[in-house]
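In: the following block contains a protein sequence and its predicted model.
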Amino acid sequence: MDNESKKLKTGYQAVAVCLTLAVFGGGIWLAKEQMGRRIREQVLARHAQELYAISLVHQVTMAESGDVFFLEDIAGQLSVYGAVAELSGALGLRLYSPDGEFLFAFPENISDGALGEAPLRSAALLAPMGRLDEAAPAGGLYWEPLLEGRSADEPLAVREVALPVHVADEDELLGVAQFLFDGSDALADIAELNAGLLRQGLFIFAVGGGVMSLILGISFLRINRIHRSLARRTFALKRANQELALSNRTSAVGGVASHLIHGLRNPLAGLRAFLDGNPAGGDDLSTAQSAAKRMDGMIDNIVRTLGENASGVTYELSAGELLEIFRSRLEPSAAEQGVRLLVSGEGGRELDNREGNLVLLILENLAQNAIEAAGRGGRVAVRGTETAGVTAFEVIDTGRGLPEAVKGSLFQPGNTSKEKGSGLGLAISGQLAGAVGAELTLAKSDENGTTFRLALAKRGPV
């Protein structure tokens, strides 16, 4: 992996960590805001409940002391709730009818004002309600703000508490009393609670974000390590595949060369015997000519095979076409040795020219051995078959079979049943079969003859 790719991957990982921390921090912020709103509502509700309890206690206290008042009248309401306003330190008091209509304000410098739908609904349920206006204009609270040392547009923090007016032990709503307080204290309480929430949120973000960053960092380090390991293994596997392919080609070429050397051995021996003996004999001359012809044909076939393998030329041929080529190459040799050669084929898959050339070399080697084993007057059959999608070739002779001593190690170099054999023929054929992924086996060998079977590998879907 180059440096640019590493920097790009590191950048993506840093962005992923930042996004994770941003989502985590955003979640903490939203939770803090929601909790802050709930705390604000709880603080205002607590103040409203406290004032409501004070008003009911004061009402009962006045009744027990013998004071006569009637809450159905404005005067009675003013005597009770005015005293509560003075005791609680309220800036002023407004009285409303059960329908929310403004009736009276106390003291005289408090201006008229609308009650609002929410406090009216709460009062109808005989429940107090608190609200906080952080920037109420002074002109909306006082008739003459200048008398209070304030301008009409000056923003004031005002806390409003709406209490239902009713007899302490009765449920009939007789009106609504709205108390007006300086909201600075409530704002200070809420600000202090919000600051505490902010500190807790920052602490949670710092600790949680640190842990998350550590976990993500460790995870990314492991991922990067695994990625580098996979990259190295992929590169090594690719190189191994290339080396294996090269080795396979080299092995095939080596097998072809070995086949050529092995095939030339017997014709050369014949020529040497002819040259060392009496060259005037007619049979010897014929044998020498036959050997030279065989060597010439083998060299032509090997040169063509190696040339096609090196040039990269590819073409397809059927099993039947391959057997026809095989027949044209082996019939002259079989006829010279008085052996009847039978070649037949049924079906079979297409072979590329590289695979076909190596299969031809294997079949030629097997057939040459079979011709020698069958002897004059014998028979050699070569047939192609296809069973369950597997194309196979069988080479069958009518010889006397193989000795038991050589059956267990037929495809090992040096193992031969011939008096002057080198023991390389079947070993080379086995090597060539491995080069094309085929399987060469001894199917049968007894006093009635020997059968070798070459099964080609199935070709996968294209």
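Out: Arrived safely.
In: pretty sure residue 329 is touching residue 365, no?
Out: No: here residue 329 lies out of contact with residue 365, judged by CB atoms under 8 Å, at a distance of 11.5 Å. For every residue, glycine as well, the C-beta is placed using N, CA and C.
In: ok, those two, which is more surrounded?
Out: Set residue 329 next to residue 365 and count neighbours by other CB atoms under 10 Å: residue 365 wins out with 21 against 17.
In: any idea how far residue 440 is from the more buried one?
Out: Distance check for residue 365 against residue 440: by CB to CB, to the nearest Å, it reads 10 Å.
In: pull the number of nearby residues for residue 55.
Out: The burial metric for residue 55, expressed as a neighbour count using other CB under 10 Å, is 25.
In: just residue 182 next, same as before
Out: 14.
In: also residue 107?
Out: Residue 107 - counted by other CB under 10 Å - has 11 other residues nearby.
In: list the contacts of it.
Out: Taking CB atoms under 8 Å, 6 or more residues apart in numbering as the criterion, residue 107 is in contact with residue 92.
In: how about it, phi and psi?
Out: According to degrees, to the nearest 10, the main-chain angles of residue 107 amount to phi -70, psi -170.
In: where do the domain boundaries of the protein fall?
Out: Structural domains of the chain, as assigned by automatic domain parsing, span the residue ranges 3-140+154-182, 314-455.
In: go through the ones you listed and pick out the most buried.
Out: Scoring the domains of the chain by mean neighbour count under mean count of other CB atoms under 10 Å gives domain 314-455 as the most buried, with a mean of 18.
In: how far does that one stretch from start to finish?
Out: With CA to CA, to the nearest Å as the measure, the ends of domain 314-455 fall 22 Å from one another.
In: and what of stretch 90-103?
Out: Taking CA to CA, stretch 90-103 runs 18 Å from one end to the other.
In: tell me how far it lies from the chain's centre.
Out: A distance of 68 Å separates the centroid of the chain from that of stretch 90-103, by CA atoms, centre = their mean, to the nearest Å.
In: and if you look at stretch 372-381?
Out: Using CA atoms, centre = their mean, the mean C-alpha position of stretch 372-381 is found 63 Å from that of the whole chain.
In: check stretch 206-215 too.
Out: Taking CA atoms, centre = their mean, one finds stretch 206-215 lying 25 Å from the centre of the chain it belongs to.
In: tell me where the stretch 351-462 of the chain has helices.
Out: In chain order, the stretch 351-462 of the chain shows helices spanning 353-374, 404-407, 425-435, with DSSP state H, counting those that start in this stretch as the criterion.
In: the last one vs helix 353-374, what angle?
Out: Between the axis of helix 425-435 and that of helix 353-374 there is an angle of 160 degrees, by axes from the mean of the first three to the mean of the last three CA atoms, to 10 degrees.
In: how far does helix 425-435 sit from its chain's centre?
Out: In terms of CA atoms, centre = their mean, the gap separating the centre of helix 425-435 from the centre of its chain is 44 Å.
In: using CSV, list the CA coordinates for it.
Out: As requested, the backbone C-alpha atoms of helix 425-435 are provided in CSV (Å, rounded to 0.1, in the frame of the first residue of the first chain):
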residue,chain,number,x,y,z
GLY,A,425,8.4,-44.0,-20.0
LEU,A,426,5.5,-44.3,-17.5
ALA,A,427,7.1,-41.9,-15.1
ILE,A,428,7.3,-39.2,-17.8
SER,A,429,3.7,-40.0,-18.8
GLY,A,430,2.6,-39.6,-15.2
GLN,A,431,4.4,-36.2,-15.1
LEU,A,432,2.7,-35.0,-18.3
ALA,A,433,-0.7,-36.2,-16.9
GLY,A,434,-0.1,-34.1,-13.8
ALA,A,435,0.8,-31.1,-15.9
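In: give me the mean pLDDT for that helix.
Out: Average pLDDT, helix 425-435: 80.
In: please identify the longest strand in the protein, counting by residues.
Out: The longest strand of the chain (DSSP state E) is strand 155-165.
In: which SSE is immediately downstream of it?
Out: Using DSSP states H and E, the helix or strand that follows strand 155-165 towards the C-terminus is strand 175-182.
In: which residues touch that following strand?
Out: When contacts are taken as CB under 8 Å, 6+ apart, the neighbours of strand 175-182 outside the stretch itself are 51, 55, 71, 77, 81, 84-85, 88-98, 100, 103, 110, 113, 115, 119-120, 123, 141, 156-165.
In: for the residue nearest to residue 112 when sequence neighbours are not counted, which residues make a bridge with it?
Out: Residue nearest to residue 112 in three dimensions, not counting chain neighbours: residue 102, with 5.3 Å by CB to CB, 6 or more residues apart in numbering. Note on residue 102: beta-bridge partners residue 96, judged by DSSP bridges.
In: any regions of the stretch 351-462 of the chain where pLDDT drops low?
Out: 413-424, 460-462 (pLDDT under 70).
In: quick one: least confident helix or strand in this protein?
Out: helix 282-311 (a mean of 59; mean pLDDT, DSSP states H and E).
In: touching stretch 362-371 from outside, list them.
Out: In this structure, residues lying in contact with stretch 362-371 by CB under 8 Å, 6+ apart are 259, 262-263, 326, 329-330, 333-334, 337, 339, 341, 378, 380, 382, 393, 395-397, 399, 425-426, 428-429, 432-433, 438, 440, 450, 452, 454.
In: and the residue lying closest to residue 154 once chain neighbours are set aside, how close does it get to residue 119?
Out: Nearest residue to residue 154, sequence neighbours excluded (CB to CB, 6+ apart): residue 138, at 4.5 Å. Counting by CB to CB, the gap from residue 138 to residue 119 is 21 Å.
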